[in-house]
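Colleague: below are the sequence and a predicted model for it; my questions follow.
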Amino acid sequence: MTMQRDVHDELRARLHEAAEAHEPDRARILARVERGMAGPGRQRSDHRATRPPLWGWTRIAGATAAVAGMLAVGGYAVASAVKGDTPAQQQTVSVSSPPVESPEATSRPLASPRATPSSGGGASPSVKPHVPPSKSARATPPTPTVTMLPAIDDDRDGPLWSDGSVDPHSNDFWAQSNVTLKTSERLTHLTVQLKVAQTGGVSRAGAWRSLPEDDFVFSVVERDGFLVYTWVLKEGRTVAEGEWVFAGQYDHDRGGRDARNDSYAVSGRSEGGQSSVGGDFAPHDAG
């Protein structure tokens, strides 16, 4: 009994190995079937000519079914022999062949994801090209709103004192006009305005002030033949007691420039009330 069991186990192991290594040659089997079918046909060519075409296809289908049945029976016999060694749970993975695209599908351009149906029914989607707006269509920044201060010919008022002068570093092509302001009290509101007459080629070239830049809203515009520089103290900011300078820079035509028509005006508020000073650019003596 032990010897028979060993022989049976050995036979089962060999059948198991043969089942794993077995790969049926389908091409060779089909070739043999075709040769078998072609032989009798040559011997009885006269009889096949009288048969309807349906019998030829029937024979091919029957032979194919027979081959498939042989392969299935052989696989079942081998599987039955090694059934005892097959694991309890066996997973089967089926692999499908990759899809084949037709030449027509690969030759067509890809549709844009932004394509939208046209207004006409049944029309193909169309993509509208992006056209950047022209420079003329772009919005231009608005001109700052400037409140013109009235002309004042008084360099002293309350805690304020002022002076206007052309900077000595000005030259034949460029100039700087300085407005010097003194205050003996803390200011809670302040507006300084400088007007430079258009004497020919006058254009803005810069500006500065000795107080913090972030404390003021600055603008420069052309108004009624003047280049107008304006500094306005922001809400909640203050100006301490002391002497401060506001300067406007500009280019002009070549040669010495006459500043007789230039002017400035200053409006400030302190605890003592509202004060206003102004004048031209002739030198003044400090009191």
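Modeller: Cool, the structure landed. Numbering: from 1, shown residues only.
Colleague: what sits against K195?
Modeller: Taking C-beta atoms under 8 Å, 6 or more residues apart in numbering as the criterion, K195 is in contact with F226, L227, V228, Y229, D262, S263, Y264. The C-beta positions use only the backbone N, C-alpha and C, and glycine is treated the same way.
Colleague: kindly report the same for L187.
Modeller: L233, T238, V239, G268, R269, S270.
Colleague: same question, T147
Modeller: Applying C-beta under 8 Å, 6+ apart to T147 gives the contacts T191.
Colleague: pretty sure it is in a helix, no?
Modeller: No - counting by DSSP: H, G, I helix; E, B strand; the rest coil, T147 falls outside a helix, being coil.
Colleague: and it, how far is that from Q193?
Modeller: In this view, T147 and Q193 are 9 Å apart by C-beta to C-beta, to the nearest Å.
Colleague: G164 now?
Modeller: Counting by C-beta to C-beta - G164 and Q193 are separated by 11 Å.
Colleague: shared neighbours, these two?
Modeller: Common contacts of G164 and Q193 (C-beta under 8 Å, 6+ apart): Y264.
Colleague: helix or strand for R32, which one?
Modeller: Using DSSP states H and E, R32 maps to helix 26-43.
Colleague: next: A18.
Modeller: Residue-wise, A18 maps onto helix 2-21 under DSSP H and E.
Colleague: over that helix, what's the mean pLDDT, rounded is fine.
Modeller: In this model, helix 2-21 carries a mean pLDDT of 70.
Colleague: again with stretch 163-172
Modeller: The average pLDDT for stretch 163-172 rounds to 95.
Colleague: could you give me the buried positions within it?
Modeller: Judged by neighbour count (16 or more other C-beta atoms under 10 Å), stretch 163-172 contains these buried residues: D163, G164, S165, V166, S170.
Colleague: repeat for stretch 274-285
Modeller: Across stretch 274-285, burial judged by 16+ other C-beta under 10 Å covers S275, S276, V277, G278, G279, D280, F281, H284.
Colleague: next one: stretch 220-235
Modeller: V220, F226, L227, V228, Y229, T230, W231, V232, L233.
Colleague: possible to save those residues as a markdown table with pLDDT, secondary structure and distance to S184?
Modeller: Converted to a markdown table, those look like this (pLDDT from 0 to 100; DSSP: H, G, I helix; E, B strand; the rest coil; distance: C-beta to C-beta, whole Å):
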| residue | pLDDT | secondary structure | distance to S184 |
| --- | --- | --- | --- |
| V220 | 97 | strand | 29 |
| F226 | 97 | strand | 30 |
| L227 | 97 | strand | 31 |
| V228 | 98 | strand | 28 |
| Y229 | 98 | strand | 25 |
| T230 | 98 | strand | 24 |
| W231 | 98 | strand | 20 |
| V232 | 98 | strand | 22 |
| L233 | 98 | strand | 17 |
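Colleague: out of those, who's nearest D25?
Modeller: Closest approach between the buried residues of stretch 220-235 and D25, by C-beta to C-beta: V220, at 95.1 Å.
Colleague: show me what contacts the closest one?
Modeller: R204, A207, L227, V228, Y229, T230, G248 are the contacts of V220 under C-beta under 8 Å, 6+ apart.
Colleague: same thing with G268?
Modeller: Neighbouring residues of G268 by C-beta under 8 Å, 6+ apart: P159, L160, T183, L187, H189, L190, T191, V239, Q274, S275, S276.
Colleague: kindly recompute the last result at 10 Å.
Modeller: 157-160, 162, 181, 183, 185, 187-192, 233, 239, 274-277 (C-beta atoms under 10 Å, 6 or more residues apart in numbering).
Colleague: can I get stretch 152-162 as PDB, trimmed to CA atoms?
Modeller: Output of stretch 152-162 as PDB, limited to C-alpha atoms (Å, rounded to 0.1, in the frame of the first residue of the first chain):
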ATOM      1  CA  ILE A 152      -2.500 134.400  -0.500                       C
ATOM      2  CA  ASP A 153       0.000 137.200  -0.100                       C
ATOM      3  CA  ASP A 154       0.900 136.800   3.500                       C
ATOM      4  CA  ASP A 155       3.800 134.800   4.900                       C
ATOM      5  CA  ARG A 156       2.600 134.900   8.500                       C
ATOM      6  CA  ASP A 157      -0.600 133.800  10.100                       C
ATOM      7  CA  GLY A 158      -1.000 132.500  13.700                       C
ATOM      8  CA  PRO A 159       1.600 129.700  14.300                       C
ATOM      9  CA  LEU A 160       2.600 129.500  10.600                       C
ATOM     10  CA  TRP A 161       5.400 131.200   8.700                       C
ATOM     11  CA  SER A 162       6.400 130.500   5.100                       C
END
